[in-house]
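**Student:** Fold the following for me, if possible:
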Amino acid sequence: MTKFLSLYLLFLIPFYAVSQSDTLKNDTLNIQEQNTILVQEKVLDSIPVVLRSDTVFFLKSYNSNRLQVRVSMVNARLETLVNNFDEKRDTILSELNGDIITVSFDENLLFVVGDKDASYENSTISNLASNRISALYKSLYNYKYNLSSEEWFKRIGYTILTFVGLILIILIINIVFRHLNKRLSKYDRKLLKRRNNIIKYLIPKNTKNIFVFISSSSRIILLIVVLFTYLPLMFSFIPATQGWVHLFYSYIETPVLYIANGFINFLPDLFFIIIIFYVTRYFVRVSHDIFDDIEAENIKFANFPKDWASPTKKILGVIIYAFGLVMMFPHLPGSDSPAFKGVSLFLGVLFSLGSTSAVSNVVAGIVITYMRPFQIGDRVEVMGIVGDVIDKTMLVTRLKTAKNEEVTIPNSNVISNHLVNFTANAKGDGLILHTFVTLGYDVELDRVNKLLIKAAKLTHLVQKSPKPFVLQTSLDESYVTYELNIYTKQASKMAAIYSELNKNLLQVFNDANVEILSPKYVASRDGNMSTVPSQKGVDLRNPIDKAIDHITGKNQKNVVEVKAAKEKEKGEGEGKG
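**Tutor:** Presented below is the predicted three-dimensional model:
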C-alpha cells in the first residue's frame, strides 16, 4: 500500500509542476499586457497651433480628443486676431488667475497656460506664457511682412483687380442713375402739367425735379454703402493696409455706437417729448382759431377790440410754447450734465446782455398794442415825422410819409416821445387844420374875416359844418396875425388841403387888392408899388438898372396912375371886343 501511494505521488508531481508553470506564464503575460496598456494610455500627444500655415507653438496632452478640440479653438481665435490686430497700437495681454494664465486681446480670450502645460514643457507657468506670447508676436510679424516675392505679386495683383472692380461698379452706378434721372426729369414735367394727378399734391410746393432729387440722394447712399463694404476687401491683401480700414471703422464705430446707445436709452424720454409737443401744438392751434374768429368778428367780447386778437394770439402762443419747453427740458438728453447747464447759463446771459434794446422794444410794442394810441392807416406824427401807419409789430412801427418815404421807428422811441394822432378824432366832428396870415393894420377886421372864410369855402375836402372860423392871435408892430381854422375828415390828405388852402388865400387876397405881410414885410409907403400882382406891371429892365432905380427912387410911380392905366387898357380891350 505504501509503495502504491509513493508511485502515485511520483506520477502526479510532474503534471502539477507543468500546470503551475503554465499558470505562471499566463499571469506574466497578463501583467505584461496590462503594463503595455498603461504605457499606451500615458503616451503624450503634441499638436501644433497654426497661424496661416505658420506653427506658433505646440499644445500637449495625454487626452488626444480634448487636445484636438482645444487646438481648433485656439486656431479659430488666432484667425480672428490676424484680421483685427495692429502691431502699432494693439497689445496682447496676460493675466494670472489662480493656477492659470489667460492670454487675451481686446478683452477676447486667445489661449490659456496651466500647470500641466508647464509640467509638460518642464518650465514654469510664467515663462511658458511669456514664450508663447513672444512666439505669437513673431508669427504675426512674419505673416504680415516676411512674404515671398511670389506672394507679394499675388497680393498686389489682387489689390489692383479689386480697385479696378470698384471703379467699374462706381461707373455703372453713375451711368444707370444718369439715364434714370433723365427719365425722371421728363416725368416731373409731365406730372406738373397734369391736372388730375394726386401725386403732385403730395410733393412740396415750389419744388422742381423732386424725383431727380430723390434719385440723386439714393445714388449717394448706394455709393457710400458700396465703399463701406468693398474697401475692407480691397485693403485686405496688403499687410500694411489691413489695419487701415479697421482703424477707420473703429473711428466711426465709437461715435456711432455711442449715438445708437444714447438714442436707445433716450427713446422713453423721446415719447414724453413727442406727446408734450403735440399737446402743446394742439392748444396753440385752438387758441389761434379762437383769436382768428375774434379778428374776423365771428366771436365778440365786450371791451376786447378785434385788433387785439392778432398780437394776443402771438403772445399766448409764445407763452404756451415756453410752458411746453419747460416741461420738455428734463427729458432732453444731457440736461442734468454740468456742460449742458453751463451752456444754458451762458446763452441766457448772452441773450440778456445782447437783447436789452430788443426786449425794451417788445415791451413797448405790447404797451402800444393794448393802449391803442393809433391804428393801421392813421396819420400820425412821431419824433417830428408825419406819415400814415402802414405796419405795427412788436419791435417797430412803420410810417409812410407824404413824399412816399417809408420810415421805421423802434417802439421804444414811439412810447418815449410825443405822438400826435391826426386821424383819431377826424371821424367825429373832424380834424381842425389851421394856417396863419399876417395883414396890415389898415385892413378892416370884418373884411379880413370875410376874405379868410371865402378862401376856406373854396377849398375842397373842408367841412361845411362845423363852419370855418378865424382867430386874431397877435398884434405885432407892423401887422396883425390872423389864424384861419377849418374842419376836415380827410386827415391823410392834409398836405393837399394845406396847399389848396394857401393857393385860395393868395387868390382871394390878390383879387381884393389886399397885401399879405407874411412873415414880415417892410416898405416905405411913399409911392412905391404894391405887392399885389394885379397892381404890378411887367418890367423888362435889367436887374441892375432896377436896383439902381429903386435906390435912387426913379421907379416910384403913383399907384393911382398905374391903376388908371390898367382900367384904360381894360376898357380899350372891351371896346375892340
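
**Student:** what about the helices in the stretch 351-500 of the chain?
**Tutor:** Taking DSSP state H, counting those that start in this stretch as the criterion, the stretch 351-500 of the chain carries its helices at 356-371, 411-416, 445-457, 494-511.

**Student:** possible to save the ones you listed as CSV with mean neighbour count and distance to residue 155?
**Tutor:** No exception for glycine: its C-beta is placed from N, CA and C like everyone else's. Converted to CSV, the helices of the stretch 351-500 of the chain look like this (neighbours: other Cβ atoms under 10 Å; distance: least, Cβ to Cβ, whole Å):
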stretch, mean neighbour count, distance to residue 155
helix 356-371, 16, 66
helix 411-416, 18, 75
helix 445-457, 17, 107
helix 494-511, 16, 91
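
**Student:** Looking at those helices, which is nearest to residue 425?
**Tutor:** Of all those, helix 494-511 sits nearest to residue 425, with 13.8 Å by Cβ to Cβ.

**Student:** For that closest one, name the packing helices and strands.
**Tutor:** Packing partners of helix 494-511 (3 or more Cβ pairs under 8 Å, 6 or more residues apart in numbering; DSSP states H and E): strand 431-439, helix 445-457, strand 480-488.

**Student:** Export those as CSV, with columns for distance to residue 403 and mean pLDDT.
**Tutor:** Shown next, in CSV, are these (distance: least, Cβ to Cβ, whole Å; pLDDT from 0 to 100):
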stretch, distance to residue 403, mean pLDDT
strand 431-439, 19, 92
helix 445-457, 26, 94
strand 480-488, 21, 94
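
**Student:** Can you check which of these gets nearest to residue 331?
**Tutor:** strand 431-439 (58.6 Å).

**Student:** hmm, back to that, among the helices of the stretch 351-500 of the chain, show the one with the smallest mean pLDDT.
**Tutor:** In terms of average pLDDT, helix 356-371 trails the rest of the helices of the stretch 351-500 of the chain, at a mean of 86.

**Student:** next one: phi and psi at residue 374?
**Tutor:** Recorded main-chain torsions at residue 374 are phi -160, psi 160, according to degrees, to the nearest 10.

**Student:** let me redo that: residue 334
**Tutor:** Dihedral angles for residue 334 - degrees, to the nearest 10 - are phi 80, psi 10.

**Student:** same check, this time on the one 3 residues further on
**Tutor:** Backbone torsions of residue 337, given as degrees, to the nearest 10, read phi -80, psi 150.

**Student:** Now do it: how many residues are near it, please.
**Tutor:** Residue 337 is flanked by 10 other residues according to other Cβ atoms under 10 Å.

**Student:** cool, and residue 63?
**Tutor:** 11.

**Student:** now it, nearest residue through space, not along the chain?
**Tutor:** Using Cβ to Cβ, 6 or more residues apart in numbering and skipping the chain neighbours, the partner closest in space to residue 63 is residue 45 (7.9 Å).

**Student:** my guess is that neighbour meets residue 65, correct?
**Tutor:** No. Between residue 45 and residue 65 there is no contact under Cβ atoms under 8 Å: 9.6 Å.

**Student:** Comparing these two, which residue is more hemmed in?
**Tutor:** residue 45 (15 against 9).

**Student:** Where do the strands of the stretch 1-150 of the chain begin and end?
**Tutor:** Using DSSP state E, counting those that start in this stretch, the strands found in the stretch 1-150 of the chain span residues 45-51, 54-61, 93-97, 100-105, 108-113.

**Student:** average pLDDT for the longest one?
**Tutor:** Across strand 54-61, the average pLDDT comes to 86.

**Student:** Quick check: buried residues in that strand?
**Tutor:** Neighbour counts using 16 or more other Cβ atoms under 10 Å place 56-57, 59, 61 of strand 54-61 among the buried residues.

**Student:** Save these as CSV, and put in distance to residue 479 too.
**Tutor:** Shown next, in CSV, are the buried residues of strand 54-61 (distance: Cβ to Cβ, whole Å):
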residue, distance to residue 479
56, 124
57, 127
59, 130
61, 135
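
**Student:** Just give me the closest of these to residue 343.
**Tutor:** Scanning the buried residues of strand 54-61 for proximity to residue 343, where the rule is Cβ to Cβ, the winner is residue 56, at 53.2 Å.

**Student:** Could you pull up the residues touching the closest one?
**Tutor:** Going by Cβ atoms under 8 Å, 6 or more residues apart in numbering, residue 56 touches 48-50, 78, 132, 135-136, 139.

**Student:** before we move on, back to that, compute the distance between the residue nearest to residue 63 and residue 500, please.
**Tutor:** 125 Å (Cβ to Cβ, to the nearest Å).
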